[in-house]
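S.K.: Need a 3D model of the following:
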Amino acid sequence: MAQLVDTPIQIDRLIAESSDESCGATVLFLGTTRRWTGNDETGRTETAYLEYEGYREMALAKMLELENIAKQRWPVKSVSIVHRLGRVEIKEPSVAVVVSTPHRGAAFEAGEWLIDELKRQVPIWKKEWFAASAPKWIHPKSDA
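M.R.: Residues are numbered from 1 along each chain as shown. Next comes the predicted model:
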């Protein structure tokens, strides 16, 4: 299941929908908005909130493609990928990936691969609004 939502991600519902009686492992990854960014010689910058935009049709198609690849590579019984669009406040989730497999190793591997590939391939863009300066579009990094 792949979704783009304009309201808070319903985490309890995602976990319930991803339950499978043949699975002993369910891994949930949440990407949340942090207040402070940066940790280098320039110091830290306070974030006010994030704003996401996406090309809906292409993003959903790519998310479903990633889901299918994960099901081919690992024994995934259930997967949910949800990304929020619009304004996301501090501590709120902007993305959730839930993966259920018979054993934990595959669930962790599939979940990590899914979030990494989502950030690399899915046409969703993040604008960071700072507390004390102009906003800035943030480009995805492979290690973020």
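S.K.: ok, which stretches of the chain are helices?
M.R.: Per DSSP state H, the chain carries helices over the ranges 11-18, 56-73, 104-121.
S.K.: in the last one, what's buried?
M.R.: Going back to what we said before, that points to helix 104-121. Neighbour counts over helix 104-121 (16 or more other C-beta atoms under 10 Å) mark 106-111, 113-115, 117-119 as buried. No exception for glycine: its C-beta is placed from N, CA and C like everyone else's.
S.K.: same question, the second one
M.R.: Judged by neighbour count using 16+ other C-beta under 10 Å, the buried positions of helix 56-73 are 59-60, 62-63, 66-67, 70.
S.K.: Which of the helices and strands in the chain ranks last by mean pLDDT?
M.R.: strand 36-40 (a mean of 73; mean pLDDT, DSSP states H and E).
S.K.: And the average pLDDT for stretch 124-141 is what?
M.R.: Averaged across stretch 124-141, pLDDT comes to 85.
S.K.: Residues in contact with it: which ones?
M.R.: The contact list for stretch 124-141 (C-beta atoms under 8 Å, 6 or more residues apart in numbering) reads 4, 37, 45-55, 59, 83, 85, 94, 119-120.
S.K.: Restricted to strands, list the residues you listed.
M.R.: 4, 37, 45-54, 83, 94 (DSSP state E).
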